[in-house]
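S.K.: pasting the sequence and the predicted model now:
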Amino acid sequence: MTETKRMRRRLPARYGPVLTPLLLSGLMTIIVSAISTLRAFGFQAIFFEIWPGAWLLSWLVAFPVLLAMSPLVRWLVARLIEPPQA
């Protein structure tokens, strides 16, 4: 098989600033909503009925917030770290 056939298609780099918060918000809200739903209802059958809705609502809030706050966070991080030496 040639090298080009083995390579998977990738998104262009311009999608990075959107893809990063999309993945971060998805992973973060899955974990946090699962923990908070477990604490509220315990590990019962109702957990699996309530958790998807709790996750979706939290993701619908988290993703746009991460998109909006990313420039501010990058600016703050740039002021908190040493600039790279060329």
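M.R.: Here it is on my side, so go on.
S.K.: what about Phe41, how many residues nearby?
M.R.: The criterion is other CB atoms under 10 Å. On that basis, Phe41 has 16 neighbouring residues. C-beta here means a position set from N, CA and C on the backbone, and glycine is covered the same way.
S.K.: how about the nearest residue to it once chain neighbours are set aside, phi and psi?
M.R.: Distances taken as CB to CB, 6 or more residues apart in numbering put Phe47 closest to Phe41, at 5.4 Å, once the chain neighbours are dropped. Phi and psi for Phe47, reported as degrees, to the nearest 10, are phi -50, psi -50.
S.K.: so the spatially most central residue of the chain is in which element?
M.R.: Using CA atoms, centre = their mean, the residue of the chain that lies closest to the mean C-alpha position is Leu24, 1.7 Å off. Secondary structure from DSSP states H and E places Leu24 in helix 16-41.
S.K.: quick one: distance of that helix to the chain centre.
M.R.: 6 Å (CA atoms, centre = their mean, to the nearest Å).
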